[in-house]
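In: Build me a model from this:
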Amino acid sequence: MALPYNIIDFDMQIGKNKPETIRHPDNYCPFCHPEELTDIIDKDGPIILLRNKYNVLSGTEQFVLIETDICHSDMPDYSAAHMERLLRFGLHHWQRLLQSGKYDDVVFFKNYGPLSGGTIRHPHMQIVAFPHLEQPLSALPEEFAGEIITCQNGVEFNISTTPRIGFWELNIIPAEIESPAAISALAKFLQIGTDYFTRHFHQGRIQSYNIFFYQLTGQVYAKIMPRFATPPLYVGYGIHVCPTNIQEAVAEIKQLYFST
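Out: Numbering: from 1, shown residues only. I've put the predicted structure just below:
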């Protein structure tokens, strides 16, 4: 009988040997030594896709996408050209795996900071392919609806009014991802969202976030979540908490990034 949700075994033996440079920045960073990397699948300059050496999620195929050769940097620091190049590269390989027919689903996401679930500080994203799932992965189109900040080149940028977990979640919804104009807007909004959360939101006290990409009925969505203590009502009961000052955040983002 199928389970009502998905349970994936996390291999603790592999996990305890993973390198860690977020809380211990002086530790060895494998991504700073591309000449030592193995199982590389594709490269575009400093952008590298490879199989994850530490495949902790049993029964899955895990991949790492190294974003840059500059270790102590992040998306807000990239040039627009590099950000667009990275996004095209990542979306291409995510879609390629999705369309291969080998997997029930494939997820594409980024961890940043000590509360994000990541272990390596060097900027990177991850792709995880699931050959078998008990249930479809859970995501609803309603979780990407929100108060609109702006729309450019057919790409909507909003703050969620039906947050997936709670509080402030930024959504980016491109009408399509094939055109250079759409990629440019998607890349720009990802840079703005990550810059806002790490440098302006709550006076820059948020130092962790996640980016998640979704594909639902042919539509691609991206969601940026700042990470702090998860609301206990969500942890214990699945109650989603929506802030009452969304309009203030919309106004602040507009003033910071879109004022003329």
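
In: wait, residue 71 sits on residue 121?
Out: Yes - in this structure, residue 71 is within contact of residue 121 by Cβ atoms under 8 Å, at 6.8 Å. (Glycine included, C-beta is placed from N, CA and C.)

In: which one of those two has more residues nearby?
Out: Ranked by neighbour count (other Cβ atoms under 10 Å), residue 71 and residue 121 place residue 121 first, with 22 against 14.

In: Quick check: chain neighbours aside, which residue is closest to that one?
Out: residue 21 (4.6 Å; Cβ to Cβ, 6 or more residues apart in numbering).

In: Figure out the helix or strand that that neighbour lives in.
Out: Applying DSSP states H and E as the criterion places residue 21 outside every helix and strand.

In: That one reaches residue 122, doesn't it?
Out: Yes - look at residue 21 against residue 122 with Cβ under 8 Å: they come within range, at 7.0 Å.

In: tell me, what's touching these two both at once?
Out: Taking Cβ atoms under 8 Å, 6 or more residues apart in numbering as the criterion, residue 21 and residue 122 both touch residue 29.

In: Just say helix, strand or coil for residue 196.
Out: helix (DSSP: H, G, I helix; E, B strand; the rest coil).

In: these two touch, right, it and residue 256?
Out: Yes - assessed by Cβ under 8 Å, residue 196 is found in contact with residue 256 at 6.8 Å.

In: which of these two has more neighbours?
Out: residue 196 (24 against 13).

In: so how far is residue 207 from the more buried one?
Out: 13 Å (Cβ to Cβ, to the nearest Å).

In: just residue 182 next, same as before
Out: 30 Å.

In: ok, now how distant is residue 218 from residue 99?
Out: Residue 218 is 11 Å from residue 99, by Cβ to Cβ.

In: So those two - more neighbours on which side?
Out: residue 99 (10 against 6).

In: Run through the helices of the stretch 51-200 of the chain in chain order.
Out: Taking DSSP state H, counting those that start in this stretch as the test, the helices found in the stretch 51-200 of the chain are 80-98, 180-199.

In: Same list, the ones you listed, but as TSV with distance to residue 133 please.
Out: Shown next, in TSV, are the helices of the stretch 51-200 of the chain (distance: least, Cβ to Cβ, whole Å):
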stretch	distance to residue 133
helix 80-98	13
helix 180-199	27
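
In: Mutual contacts of residue 71 and residue 121, please.
Out: Common neighbours of residue 71 and residue 121 (Cβ under 8 Å, 6+ apart) are residue 29.
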